[in-house]
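>>> Sequence plus predicted model, see below.
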Amino acid sequence: MKIPEVYPETRALIFDLDGTLANTIPMHYLAWTKAAQIHNFEFSKELFLECTGLPTYKIVEVLNQNYNLQLDPYHFSRLKEDFFRENMKDIQPIQPIVELIYRYHKILPMAVGTGGKKSIAIRTMEVLGLDQYISILVSSEDVKNHKPAPDTFLKCAELLEVPPQYCQVFEDGERGIQAAKNARMMVTDVRKFYSTNL
């Protein structure tokens, strides 16, 4: 199993969650499609992948714009999240990335920075057993500006008490990769270390 390199100058590790530590992207898409079916429209895979890293309510705004809909962001987000929660017990780790957590536990400080909802992110970490290794989790509720803005990762660095330039971010989404660059952090695109079927 090939795992990502941790750079010599790295003093802290910051991980995205969905699609980076947790193989949840197919599960999220299934939940979105179920919610979309109830409202009689189809959420394309292409648009879904473009939305990676956005909070749920912002994805609903994208749906409204792209499909000329008038979905209520709160209620539609809740519907989607309910579908997702039904299958959370089946969440699997993305092993090459999770392996970094095991290897660097108590060697480098770590945090998770996600665009997801805090309660779902916490539960995802619990299902994977990663809550025992990482206590710092920054979610969509913790920042005003979401990825590709740098706020999520800068908040992680602040809580880790490590200057941003010494933090290495692991990400699978274009928005998240840009957010790490905007935060002037080192960034690793994890997609080359695993394959996922959507």
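Ah, there it is. Numbering: from 1, shown residues only.
>>> Please report the distance of the spatially most distant residue from the centre of the chain from Arg103.
Each residue of the chain has a distance to the centre, and by CA atoms, centre = their mean the biggest one is for Asn40: 27.4 Å. Between Asn40 and Arg103 the computed distance is 48 Å (CB to CB, to the nearest Å). Backbone N, C-alpha and C define where each C-beta goes, glycine included.
>>> With Met125 instead?
As for Met125, its distance to Arg103 is 18 Å (criterion: CB to CB).
>>> again with Leu47
From Leu47 to Arg103 the distance is 36 Å (CB to CB).
>>> These two - which one has more neighbours?
More crowded of Leu47 and Arg103, by other CB atoms under 10 Å: Leu47, with 15 against 11.
>>> pretty sure that one is touching Val62, no?
Yes. Using CB atoms under 8 Å, Leu47 is in contact with Val62, at 7.1 Å.
>>> Sketch out the low-pLDDT regions of this protein for me.
Within the chain, no range satisfies pLDDT under 70.
>>> the strands in it, which residues?
12-15, 110-113, 136-138, 167-171, 186-189 (DSSP state E).
>>> Direction included, what does the first one pair against?
Strand 12-15 has these partner strands in its sheet, going by DSSP bridges: strand 110-113 (parallel), strand 167-171 (parallel).
>>> Kindly report the same for the third one.
Looking at strand 136-138 with DSSP bridges, its paired strands and their directions are strand 110-113 (parallel).
>>> repeat for the last one
Neighbouring strands of strand 186-189 in its sheet, by DSSP bridges, are strand 167-171 (parallel).
>>> and the partner strand, how far from the chain's centre?
12 Å (CA atoms, centre = their mean, to the nearest Å).
>>> Ok, stretch 168-180 next?
Per CA atoms, centre = their mean, the centroid offset for stretch 168-180 relative to its chain is 9 Å.
>>> So which bits of it are buried?
The neighbour-count check on stretch 168-180 (16 or more other CB atoms under 10 Å) flags Gln168, Val169, Phe170, Glu171, Asp172, Gly173, Arg175, Gly176, Ile177, Gln178, Ala179, Ala180 as buried.
>>> nearest spatial neighbour of the second one, skipping sequence neighbours?
Spatially, and ignoring its direct neighbours in sequence, Val169 is nearest to Ala180 (3.8 Å; CB to CB, 6 or more residues apart in numbering).
>>> Distance of that neighbour relative to Pro148?
9 Å.
>>> Now the residue nearest to Tyr194 when sequence neighbours are not counted: phi and psi?
Nearest residue to Tyr194 in three dimensions, chain neighbours excluded: Ile94, at 5.4 Å (CB to CB, 6+ apart). Backbone geometry at Ile94, expressed as degrees, to the nearest 10, gives phi -90, psi 100.
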